[in-house]
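Asks: How does the following fold in three dimensions:
(chains A and B)
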2 protein chains.
Amino acid sequence: MRNVTKDNITDVFMSYLAEDSDPRVREVMGALVKHLHEFARETNLTHDEWRKGIEFLQGCAAVESEERHEFVLASDVLGLSSLVDMLHSSPEATSSSVLGPFHVSGAPPLAFGGDMKRHYGGPILLAEGTIKDTDGNPIAGAQLDIWQTAPNGKYASQDEEQDTYSFHGLMTVGDDGRYAFTTVKPVEYTVPDDGPVGDILHICGRHPWRPSHLHYIVTAPGYRSLVTEIFPDDDPYLDQDTVFGVRDDLVMTYVKKPASEFPEGMEISGAVAEDFLHVEFDVTLMSED
Amino acid sequence: MRNVTKDNITDVFMSYLAEDSDPRVREVMGALVKHLHEFARETNLTHDEWRKGIEFLQGCAAVESEERHEFVLASDVLGLSSLVDMLHSSPEATSSSVLGPFHVSGAPPLAFGGDMKRHYGGPILLAEGTIKDTDGNPIAGAQLDIWQTAPNGKYASQDEEQDTYSFHGLMTVGDDGRYAFTTVKPVEYTVPDDGPVGDILHICGRHPWRPSHLHYIVTAPGYRSLVTEIFPDDDPYLDQDTVFGVRDDLVMTYVKKPASEFPEGMEISGAVAEDFLHVEFDVTLMSED
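Replies: Residues are numbered from 1 along each chain as shown, chains lettered A, B, ... in the order given. Model (predicted):
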């Protein structure tokens, strides 16, 4: 098209998509560009604003690394990550929730009843539950990749003080589908707001806080993988999670119990001298289609 | 909002924008996120597709440098850059057209009638014209930043064989607003398609070609800066510029003239022994508001 105009450019873009290209590529690219163009037209986006957008992406590029996933964080704080999670959640299964930028691969095995708390202080939390299918049957051999913040509000991948896999373990459940581990109650924390995504939060007048959560990736052959989080129902940021991760079925009560009720067979560093917290959280996986 | 859903997440995002934040920030961020969410809902965007999007951005980050502006290129091939240009063009002034990723700052001065061809071979082109305001009066002291491809289809910033500012000069016009320079007719060329943006072009079945053009940035105190391009009307890619840069008023006929008509006072390396091409292209600038 020789005379591209602001009114026909979206159609011209569509005309460039080859008819023998993948129909899904055409669908996704077409919708992406339609909305990108509509956004620019609707806001009458200026060159200066366009330049700020490019500089934002370049700024993300400058801090992006194996340890810091600024583009994922951008998607998280804009709600895109959560929206994709929700589009593919089923009411029959446990809700999925954002992966976030802090997960690293290769966590060491954690036995049933294993101890993630180690030498750290803070409220002891015993978390347990069953991994099951939508009929309620346990899924033998399911794997839980569990990670959370240390009491200082940082993930191991952010914190030179911690071991690579501190507060991170990989548990394989037995025939009964049960998992259990002890840890320190995770704390609320801020997403990294010292980079370009933080700048976006600041100019929008938004805070960078996330409510406390335990993070799980649950996988089992024949089932859809699930990334999810468990939130305590008394967290101050439950109604304003900066990455939109909270779902009704993921909010749990951490029940306070006396030390005398701490069950046999659970590992824990040091004695359970005072009250501990207990949460029972079952995970339901969808079978693969 | 505790129970974020795929239907309310856009509203929840809006509720996070502080009332005392800049109204334009709220408008632009709100429209951006509304369209981003609509795009995901409309396409039922999958986790795999989301991941490919993140990997695309990370891939751009990996090649982004002072010399290679992959995010700008992405904006160019998606038509966003051209759309922003057109949103802020005026029918009274010369159309603006994409800056592209190849411009570098600090070009050396080029005198009126100066020679950008130097030792390069190829069809000689004499380009001249007047920089004027919307009333047709010349704008004394306007500056033209002129750059183009070498005959090998590469810009100096892409090409180790060329000097830093080869085919690039900065001309200041006199009281008559006239500019003139000699060069080699630029050639059509491909945008860099060996990176993530090239991958997008390939999966869309799109070619990476741009029609031949002379690229100008025209500035003058009291006037809006203009980035524009001149295209010859016989270029094979005029109707399918991969970055959507062609506008009706930027397409010119390069008139073939005999060597005997080559004007006095123009520099040129070597003799003008054969026909040369001539283009007269006036540039009209809008005054600043």
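Asks: that's a strand at A:D145, yeah?
Replies: Yes - read with DSSP: H, G, I helix; E, B strand; the rest coil, A:D145 is one of the residues of a strand.
Asks: Where does the closest residue to it other than its chain neighbours fall, secondary structure wise?
Replies: Computed as CB to CB, 6 or more residues apart in numbering or on different chains, the closest residue to A:D145 that is not its neighbour in sequence is A:I217, at 4.1 Å. Where you see a C-beta, it was placed from the backbone N, CA and C, and this is true even at glycine. When elements are assigned from DSSP states H and E, A:I217 belongs to strand A:214-219.
Asks: That strand pairs with which strands?
Replies: strand A:143-147 (antiparallel), strand A:226-232 (antiparallel) (DSSP bridges).
Asks: Make a markdown table out of these and add mean neighbour count and mean pLDDT.
Replies: Formatted as a markdown table, the entries for these read as follows, by neighbours: other CB atoms under 10 Å in any protein chain shown; pLDDT from 0 to 100:
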| stretch | mean neighbour count | mean pLDDT |
| --- | --- | --- |
| strand A:143-147 | 21 | 97 |
| strand A:226-232 | 23 | 95 |
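Asks: how about TSV for those, with distance to B:V4 added?
Replies: Compiled in TSV, these are given as follows (distance: least, CB to CB, whole Å):
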stretch	distance to B:V4
strand A:143-147	22
strand A:226-232	12
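Asks: A:H213 is nearest to which of those strands?
Replies: Closest of these to A:H213 is strand A:226-232, at 4.1 Å (criterion: CB to CB).
Asks: following that closest one, which helix or strand comes up?
Replies: Going down the chain from strand A:226-232, the next helix or strand is strand A:251-252, by DSSP H and E.
Asks: contacts for that next one?
Replies: Outside strand A:251-252, the residues within contact range by CB atoms under 8 Å, 6 or more residues apart in numbering or on different chains are A:I230, A:F231, A:P232, A:D233, A:L238, A:V279, A:E280, A:F281, B:R2.
Asks: Check the offset of it from the chain's centre.
Replies: Taking CA atoms, centre = their mean, to the nearest Å, one finds strand A:251-252 lying 16 Å from the centre of the chain it belongs to.
Asks: Could I get the CA-only coordinates of stretch A:2-12 as CSV?
Replies: In CSV, the C-alpha atoms belonging to stretch A:2-12 read as follows (Å, rounded to 0.1, in the frame of the first residue of the first chain):
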residue,chain,number,x,y,z
ARG,A,2,1.7,3.2,-1.2
ASN,A,3,-0.4,5.6,0.8
VAL,A,4,-0.5,4.2,4.3
THR,A,5,-2.7,6.4,6.6
LYS,A,6,-3.5,6.3,10.3
ASP,A,7,-6.9,4.8,9.4
ASN,A,8,-5.8,2.0,7.0
ILE,A,9,-2.5,1.0,8.6
THR,A,10,-4.0,-1.8,10.6
ASP,A,11,-5.6,-3.3,7.4
VAL,A,12,-2.3,-2.9,5.6
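Asks: Show me what counts as buried in it.
Replies: The neighbour-count criterion (16 or more other CB atoms under 10 Å in any protein chain shown) identifies A:R2, A:V4, A:T5, A:K6, A:I9, A:T10, A:V12 as the buried residues of stretch A:2-12.
Asks: could you list every residue that touches whichever residue of the stretch 101-250 of chain A sits closest to chain B?
Replies: Here the stretch 101-250 of chain A gets closest to chain B at one residue, A:G205, 2.4 Å apart by CB to the nearest CB. Under the criterion of CB under 8 Å, 6+ apart, the contact partners of A:G205 comprise B:L17, B:A18, B:E19, B:D20, B:S21.
Asks: Please apply the same query to A:F39.
Replies: A:L45, B:A31, B:L32, B:K34, B:H35.
Asks: Confirm for me that A:Q162 is in contact with A:T149.
Replies: No - counting by CB atoms under 8 Å, A:Q162 sits too far from A:T149 to count as a contact (9.9 Å).
Asks: So those two - more neighbours on which side?
Replies: The residue with the greater number of neighbours, taking A:Q162 and A:T149 and applying other CB atoms under 10 Å in any protein chain shown, is A:T149; the counts read 25 against 18.
Asks: could you give the angle of the longest helix that chain A contains to helix B:23-43?
Replies: Longest helix of chain A, by residue count under DSSP state H: helix A:23-43. Taking axes from the mean of the first three to the mean of the last three CA atoms, to 10 degrees, helix A:23-43 and helix B:23-43 form an angle of 160 degrees between their directions.
Asks: on that earlier part again, just name the closest of the contacts of A:G205 to chain A, please.
Replies: Proximity of the contacts of A:G205 to chain A, judged by CB to the nearest CB, is greatest for B:A18, which lies at 2.4 Å.
Asks: show me the contacts for the closest one.
Replies: By CB under 8 Å, 6+ apart, the residues touching B:A18 are A:C204, A:G205, A:R206.
Asks: now those as a markdown table including distance to B:G195, pLDDT and secondary structure?
Replies: Listed next are those as a markdown table, based on distance: CB to CB, whole Å; pLDDT from 0 to 100; DSSP: H, G, I helix; E, B strand; the rest coil:
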| residue | distance to B:G195 | pLDDT | secondary structure |
| --- | --- | --- | --- |
| A:C204 | 31 | 97 | coil |
| A:G205 | 36 | 96 | coil |
| A:R206 | 33 | 96 | coil |
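Asks: Not counting residues beside it along the chain, what's closest to A:V184?
Replies: Using CB to CB, 6+ apart, the nearest residue to A:V184 is A:G122, at 3.8 Å.
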